[in-house]
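**Q** Here's my sequence, what's the structure:
(chains A and B)
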Amino acid sequence: MSRISKVFNQLQEKGKKAFIPFLMAGDPDLKTTKELVLEAEQRGADIIEIGLPYSTPLADGPTIKKAGKRSLEHNTNLDDIFELVAEIREESEVPLVLMGYYNLVFKYGVEKFVQQCEKVGVDGTIIPDLPIGEDEELRSLAQNLDIISLVTTTSKPSRVRTVAQKSQGFIYAVSTPGTTGARAEISNEIEEKVEQLREFTDTPIAVGFGISKPEHVEAVTDFADGAIVGSAIIRQIEENLEQPEKIVDEVGDFIEYLTSSIKK
Amino acid sequence: MGKENNNGQFGEFGGQYVPELLVPALEELEEAYLKYKDTPEFREEFEYYLKEYVGRPNPLYYAERLTKKLGGAKIYLKREDLNHMGAHKINNTLGQILLADKMGKEKIIAETGAGQHGVATATAAAMFGMDCEIFMGQEDVERQALNVFRMKLLGAKVNPVTEGTATLSDAVDAAIQHWAENVEDTFYLLGSAVGPHPYPTMVRDFQSVIGKEAREQILEAEGKLPDYLVACIGGGSNAIGLFHEFIDDEDVKMIGAEAAGKGVDTEEHAATMTKGEPGVIHGFKTYVLQDEAGQIMPVYSISAGLDYPGVGPEHSHLKELGRAEYVGVTDEEAIEAFQLLSETEGIIPALESSHAVAQVMKLAPELDKDQVIIMNLSGRGDKDVYTVAEKMDIELED
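**A** I've put the predicted structure just below:
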């Protein structure tokens, strides 16, 4: 059983929900990313998504775009990120999911990418521009790597079923049509999709996009198994770029604040 | 040879590498396109507008003075510059607007580089009475102020995109994002034979009127097929529109002229085929200008319509098959060609099309006098006179 499935099982036994923060690898630098991952785990993260910075991130809003840009200023590449994961693995067993665009994987070589992921201890991948149908090569090569797929509010019933049937690790339910980014309100349209998914699978479902407050986390975990927060966390980094020594504490405090409603 | 399969794959290229959010929108589009494209009603309506509104068929003009000047093959120009609004773009725009109308969409969005596609989209949207919003890189907004004003005159809203290099590639990102947020009532009108399936196939089909006409016209004029086809390549829609009808005629050689900017060995060019490698960009697999890590590279060309770091997937396939050849043409060569065609034929070509003219200038003298070249004159150059004057150090009044 994968580290991701194990975590969801343990949480389920305790009647708890997963909190999944997103961090951009190399924002503001790789050393800080490592500290942030370890801190996040201490402060309530159950699974951590690590973003691969990309020149043209189609599905991302301004906050994550800027984080990627900051990281690319020092040319963070996949090998650096595998090294980062290997270092984290020396100190932590927290499930790690790489999230990034397909051209990076394609250029690196899909086979080599999978080998490296499995070697250093990456547990899953989310590749937003590699939908089911285009991901066969990746799926066929991955042995100990969960290929995590997405469902959106616009997904048709037949597609929901396909995603459910192919799901590994967890399903990423996108709360809002559009790009990543903190929003004032979370639409409840996604709840319907989560219910549809449940008809076909027991795979845990986490909701992301737009979640920025403890109330959002509480609201989505009312019907889903986890909440994913990206841009709102990146903002804590962005706001403290002038005082880099504060970043780790600020992000830790923010995660504790966000999870207050589900970690009681 | 060189044709797509049902999933929009051109050999290893093409496909649908898009966020899940766009999957239903693309499915809907594909379904609608397959449903309507071959119905007599749709064909007739499309042909009606091409004839009555665009002014087709446009001439295949024998450029006699250019031919004599270059002293080799006979040069024919496919006069897409004579279309309504002055470029090939309107062929595709009309086709997609008709489809949008059939699908019951009320809003049209599009990205634009040089502004030609934005103007063509705004034009067709105005004629069909639809809301229209155009995304355009800030850099291009400045370079193409005239086209921006045209779009506004035509009732479109122009959204300048300031991210990245603020050019075509960033405008595509912004337009796709907007579509993702508004798929319900919005039709994304893609301007070139790029993007996820079914766009490359659909745009190719709408543009292939160029090659269909050219084929008939050259058979009438010369009693034989041409030896060469030459067209400029950014995304590659005018080129594939010309090439497609000739793919099975293996004696017809095809050359795409891409933007070599300040030279393919500098960092300022958009020579995707010459310097790129297979990759994934904007939802499809194709040749991509990228660095070793797979990051998309900034591109440059004097011509706003050619500075794209990818290229239509069918072209990548034709390159792999060796069926078409792709060569770089520099800014300087394009400007020289711009002047030459203006002087010898009284035709001011778009800077994009000038890349094709420059390639013809290299090719024609090497061929025999009984050989024939068809060059796609994809657009007229009125929009570019300021840029060219500036390059020639000539100051025009403000």
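**Q** Does A:Thr221 touch A:Ala227 like I think?
**A** Yes - in terms of Cβ atoms under 8 Å, A:Thr221 counts as a neighbour of A:Ala227; the distance is 5.4 Å. For every residue, glycine as well, the C-beta is placed using N, CA and C.
**Q** what do the two both touch?
**A** In terms of Cβ atoms under 8 Å, 6 or more residues apart in numbering or on different chains, A:Thr221 and A:Ala227 are both contacted by the residues A:Lys17, A:Val207, A:Ile262.
**Q** which of these has the most neighbours?
**A** Counting neighbours by other Cβ atoms under 10 Å in any protein chain shown, A:Val207 leads those with 30 neighbours.
**Q** how about that residue, secondary structure?
**A** Secondary structure, DSSP: H, G, I helix; E, B strand; the rest coil: A:Val207 is strand.
**Q** Report pLDDT for it.
**A** A:Val207 carries a pLDDT value of 96.
**Q** Provide a list of residues in contact with it.
**A** Each residue near A:Val207 by Cβ under 8 Å, 6+ apart is listed here: A:Ala173, A:Val174, A:Ser175, A:Ile186, A:Ile190, A:Val194, A:Val220, A:Thr221, A:Ala224, A:Gly226, A:Ala227, A:Ile228.
**Q** can you give me the strands for the stretch 151-264 of chain A?
**A** Using DSSP state E, counting those that start in this stretch, the strands assigned to the stretch 151-264 of chain A run over residues A:171-174, A:205-208, A:226-229.
**Q** Just give the closest residue to the residue of the stretch 51-200 of chain A found nearest chain B, not the sequence neighbours.
**A** The minimum distance from the stretch 51-200 of chain A to chain B, using Cβ to the nearest Cβ, falls at A:Lys107 (3.1 Å). Leaving aside its sequence neighbours, A:Lys107 sits nearest to B:Gly294 (Cβ to Cβ, 6 or more residues apart in numbering or on different chains; 3.1 Å).
**Q** re the thing from before, which two of the contacts of A:Val207 lie the greatest distance from each other?
**A** With distances taken as Cβ to Cβ, the most widely separated pair in the contacts of A:Val207 is A:Val174 and A:Thr221, at 15.9 Å.
**Q** Between those two, tell me which one has more neighbours.
**A** A:Val174 (27 against 21).
**Q** Output the host helix or strand of B:Ser342 as CSV, nothing but the C-alphas.
**A** Counting by DSSP states H and E, the element that carries B:Ser342 is helix B:331-345. Below are the C-alpha coordinates for helix B:331-345, written out as CSV (Å, rounded to 0.1, in the frame of the first residue of the first chain):
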residue,chain,number,x,y,z
ASP,B,331,14.5,39.8,-40.1
GLU,B,332,16.9,41.4,-42.5
GLU,B,333,16.1,39.0,-45.4
ALA,B,334,12.4,39.5,-44.8
ILE,B,335,12.7,43.3,-44.9
GLU,B,336,14.7,43.0,-48.2
ALA,B,337,11.9,40.8,-49.6
PHE,B,338,9.3,43.2,-48.3
GLN,B,339,10.9,46.0,-50.4
LEU,B,340,11.6,43.8,-53.4
LEU,B,341,8.0,42.7,-53.8
SER,B,342,6.7,46.2,-53.3
GLU,B,343,9.0,47.6,-56.0
THR,B,344,8.7,44.8,-58.6
GLU,B,345,5.1,43.9,-58.3
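**Q** With A:Ser140 as the reference, measure out to the closest residue to A:Gln168 other than its chain neighbours.
**A** Nearest residue to A:Gln168 in three dimensions, chain neighbours excluded: A:Asp146, at 4.1 Å (Cβ to Cβ, 6+ apart). To A:Ser140, A:Asp146 is 14 Å away according to Cβ to Cβ, to the nearest Å.
**Q** Name the residue in these two with the higher neighbour count.
**A** A:Asp146 (22 against 10).
**Q** low pLDDT regions in chain B?
**A** B:1-6, B:164, B:397-398 (pLDDT under 70).
**Q** can you tell me the residue of it closest to chain A?
**A** For chain B, Cβ to the nearest Cβ, closest residue to chain A: B:Gly294, 3.1 Å.
**Q** So, low pLDDT: which residues of the stretch 51-200 of chain A?
**A** In the stretch 51-200 of chain A, residues with pLDDT under 70: A:177-180, A:182-187.
**Q** How about the residues of it by chain B?
**A** A:54-56, A:58-59, A:65, A:72, A:75, A:77-78, A:101-108, A:128-131, A:133-134, A:149-152, A:154-156, A:159, A:163, A:174, A:177-179 (Cβ under 8 Å from any Cβ of the partner chain).
**Q** Next up, the contacts around residue 233.
**A** If you meant another chain, say so; for now it's chain A. A:Pro21, A:Phe22, A:Leu23, A:Val251, A:Phe254, A:Ile255.
**Q** That was the other one, I meant chain B.
**A** B:Ala239, B:Gly256, B:Ala257, B:Glu258, B:Thr272, B:Met273, B:Leu306, B:Val311, B:His315, B:Tyr326.
**Q** same question, B:Leu396
**A** B:Leu396 neighbours (Cβ under 8 Å, 6+ apart): B:Val385, B:Tyr386, B:Ala389.
**Q** change it to 6 Å
**A** B:Ala389 (Cβ atoms under 6 Å, 6 or more residues apart in numbering or on different chains).
**Q** gap between it and B:Val360?
**A** Note on B:Leu396: its distance to B:Val360, by Cβ to Cβ, is 28 Å.
**Q** Over to B:Thr67?
**A** According to Cβ to Cβ, B:Thr67 and B:Val360 sit 10 Å apart.
**Q** what's the burial count for residue 31?
**A** Let's take chain A. 11.
**Q** could you do chain B instead?
**A** 12.
**Q** Which strand or helix spans it?
**A** Counting by DSSP H and E, B:Glu31 is found in helix B:23-36.
**Q** wait, doesn't A:Arg3 sit right on A:Asp123?
**A** Yes - with contact defined as Cβ atoms under 6 Å, A:Arg3 counts as touching A:Asp123 (4.7 Å).
**Q** ok, these two, which is more surrounded?
**A** A side-by-side neighbour count of A:Arg3 and A:Asp123, using other Cβ under 10 Å, places A:Asp123 first with 26 against 19.
**Q** Would you agree that one is in contact with A:Pro95?
**A** Yes - here A:Asp123 reaches A:Pro95: they are 4.4 Å apart, a contact under Cβ under 6 Å.
**Q** anything in contact with each of the two?
**A** A:Arg3, A:Ile4.
**Q** Specify the local secondary structure of the residue of the stretch 51-200 of chain A closest to chain B.
**A** A:Lys107 ends up helix, using three-state DSSP.
**Q** Give me every residue in the stretch 151-300 of chain B that's in contact range of chain A.
**A** Within the stretch 151-300 of chain B, the positions near chain A by Cβ under 6 Å from any Cβ of the partner chain are B:Gln177, B:Ala180, B:Glu181, B:Gly279, B:Val280, B:Ala293, B:Gly294, B:Gln295, B:Ile296.
**Q** Now do the longest strand along chain B against helix B:331-345, angle only.
**A** Counting residues, the longest strand found in chain B (DSSP state E) is strand B:253-261. Relative orientation of strand B:253-261 versus helix B:331-345 (axes from the mean of the first three to the mean of the last three Cα atoms, to 10 degrees): 120 degrees.
**Q** Name the strands paired with strand B:253-261 and say parallel or antiparallel.
**A** strand B:228-233 (parallel), strand B:324-330 (parallel) (DSSP bridges).
**Q** Buried deepest among these, which one?
**A** Mean neighbour count (mean count of other Cβ atoms under 10 Å in any protein chain shown) peaks for strand B:228-233 among the strands paired with strand B:253-261, with a mean of 28.
**Q** Show me just the buried residues among the residues of the stretch 51-200 of chain A next to chain B.
**A** A:54-56, A:58-59, A:65, A:72, A:77-78, A:101-108, A:128-131, A:134, A:149-152, A:154-155, A:159, A:163, A:174, A:177-179 (16 or more other Cβ atoms under 10 Å in any protein chain shown).
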